[in-house]
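A.B. asks: One predicted model, sequence on top.
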Amino acid sequence: MSENRENKDTLMPINETAVHSILATGGGYSQLRGFSAGVDMHCVSNKTFLKHMKNVSEAIDDAALQSMLDAAEEEKAIAIRDGKLDSDGVPMCIVVADGEWCRCSYKTNYDSLSGVTNLVSMLTGDGDSCVHRKLFETMPYGPNLMVEKVECMNPVLRNY
């Protein structure tokens, strides 16, 4: 099937693909071993898993960084187009941020290897989010521009 693909240079080797798939579902080496046993497939060693995990993680980091840089340039262009500049001419963008990390314990101390953060143009939080506190402490836009928190309705209603 891979012979029918147009660009073979973009295909990942099978072991890296397996490691990527396991990481994407929040698993690790033991989950890969269990899956491999379930499909009667040889499993890579832990050392090889770690090597592939490093390669996959670097590729994901590079792709995520490029995506964020592209989005930042687009937001900057929109702010300039709309005339949303501060007194120094710096484009002002509204940022929406929220995140989560899987901690389903089921009587064990389990932390997923993957989490998620969403950034979309205006800061919101879910009542128990630490995003606003960290932004307030670090003052990423300087002391003259404070980050404003806008509560989401669902968590507010749920907490009520």
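C.D. replies: Good, I have the coordinates. Numbers count the residues shown, from 1 in each chain.
A.B. asks: Can you spell out which helices and strands pack onto the helix or strand harbouring residue 134?
C.D. replies: In the assignment (DSSP states H and E), residue 134 maps to helix 131-138. Counting contacts by 3 or more C-beta pairs under 8 Å, 6 or more residues apart in numbering; DSSP states H and E, helix 131-138 packs against strand 96-101. No exception for glycine: its C-beta is placed from N, CA and C like everyone else's.
A.B. asks: What mean pLDDT does the strand it packs on get?
C.D. replies: Averaging pLDDT along strand 96-101 gives 60.
A.B. asks: try stretch 63-82
C.D. replies: 89.
A.B. asks: CA atoms only for that stretch - export them in CSV, please.
C.D. replies: Listed in CSV are the C-alpha atoms of stretch 63-82, where the atom choice follows Å, rounded to 0.1, in the frame of the first residue of the first chain:
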residue,chain,number,x,y,z
ALA,A,63,5.6,21.2,13.7
ALA,A,64,3.8,22.7,16.7
LEU,A,65,6.2,25.6,16.8
GLN,A,66,5.9,26.3,13.1
SER,A,67,2.1,26.2,13.4
MET,A,68,2.2,28.7,16.3
LEU,A,69,4.6,31.0,14.5
ASP,A,70,2.3,31.0,11.4
ALA,A,71,-0.8,31.7,13.6
ALA,A,72,1.1,34.5,15.4
GLU,A,73,2.0,36.1,12.1
GLU,A,74,-1.7,35.8,10.9
GLU,A,75,-2.9,37.4,14.2
LYS,A,76,-0.4,40.2,13.9
ALA,A,77,-1.5,40.9,10.4
ILE,A,78,-5.1,41.0,11.4
ALA,A,79,-4.3,43.4,14.4
ILE,A,80,-2.4,45.7,12.1
ARG,A,81,-5.1,45.6,9.4
ASP,A,82,-7.8,46.4,12.1
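A.B. asks: what comes up buried for it?
C.D. replies: 75, 79 (16 or more other C-beta atoms under 10 Å).
A.B. asks: in the protein, which spans are helices?
C.D. replies: With DSSP state H applied, the chain shows helices at 14-24, 29-38, 46-81, 131-138, 153-159, listed in chain order.
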